[in-house]
Every structure is written in C-alpha cells, then in structure tokens.
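>>> Would you be able to build a 3D model of this:
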Amino acid sequence: MSNSSSKIEGIGEMSGLKTIIVNGNLDSLKQALGDKTLNELEVGYLIDLAKLNNEPEMVKLLKQHAG
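As a prediction, the model looks like this:
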C-alpha cells in the first residue's frame, strides 16, 4: 500500500461525508477523511454544506484535505 493520500471514491462515500457533516459529528468526519484528498468540486460542496450548518471546525478540516 502506498504512503500517498487516497481519493474519495464513489457516491456512497460522498453521501456518507455529507451525512456526517449534517449531523455535526467532527470526530466522525476526521475518521472518515483519514488521509484522503478531496478534489475541488468535492471540497467546495462539502465546505458549503458545513458553512450552512454553522460548522467552522469542519470547514477548516475540509480545507486541509483539499487537493
């Protein structure tokens, strides 16, 4: 297995991240993201969702995973 970061794969994984953000569970988001990298479209969508839910810590975390 490579040491490089992995990417989000599939709609199911994005749906899971969306649910975690809507539920406001920062620890679950940290765990789900792990070492994954989000592309511009993914991170933009998830950041908007976190902002709508007033989750500034999630916004910071998602920005760290932008690739």
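
>>> and the helix or strand hosting T19, what does it pack onto?
T19 is part of helix 10-23 when elements are defined by DSSP states H and E. With contacts defined as 3 or more C-beta pairs under 8 Å, 6 or more residues apart in numbering; DSSP states H and E, the packing partners of helix 10-23 are helix 26-33, helix 40-52. (C-beta placed from N, C-alpha, C; glycine too.)

>>> centre of the chain versus it, how much separation?
Mean-position distance between helix 10-23 and its chain equals 8 Å (C-alpha atoms, centre = their mean, to the nearest Å).

>>> tilt between it and helix 26-33?
Orientation check (axes from the mean of the first three to the mean of the last three C-alpha atoms, to 10 degrees): helix 10-23 against helix 26-33 gives 160 degrees.

>>> how about the helices and strands packed on helix 10-23 in CSV, adding distance to M14, mean neighbour count and mean pLDDT?
Rendered in CSV, the data for the helices and strands packed on helix 10-23 read as follows (distance: least, C-beta to C-beta, whole Å; neighbours: other C-beta atoms under 10 Å; pLDDT from 0 to 100):
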stretch, distance to M14, mean neighbour count, mean pLDDT
helix 26-33, 11, 15, 97
helix 40-52, 7, 16, 96
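
>>> Please render those as CSV that adds distance to L17 to the earlier fields.
Compiled in CSV, the helices and strands packed on helix 10-23 are given as follows (distance: least, C-beta to C-beta, whole Å):
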stretch, distance to L17
helix 26-33, 6
helix 40-52, 6
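
>>> how about the ones you listed, which one is nearest L61?
L61 lies closest to helix 26-33 among these, at 6.2 Å (C-beta to C-beta).

>>> Direction-wise, compare that closest one with helix 40-52 and give the angle.
Using the same axes, to 10 degrees: helix 26-33 against helix 40-52 is 170 degrees.

>>> Just the mean pLDDT for the helix holding T19, thanks.
Averaging pLDDT along helix 10-23 gives 92.

>>> ok, now stretch 58-67?
Averaged across stretch 58-67, pLDDT comes to 96.

>>> Quick check: which of the helices and strands packed on helix 10-23 is nearest to K18?
Nearest of these to K18, taken as C-beta to C-beta: helix 40-52 at 6.3 Å.
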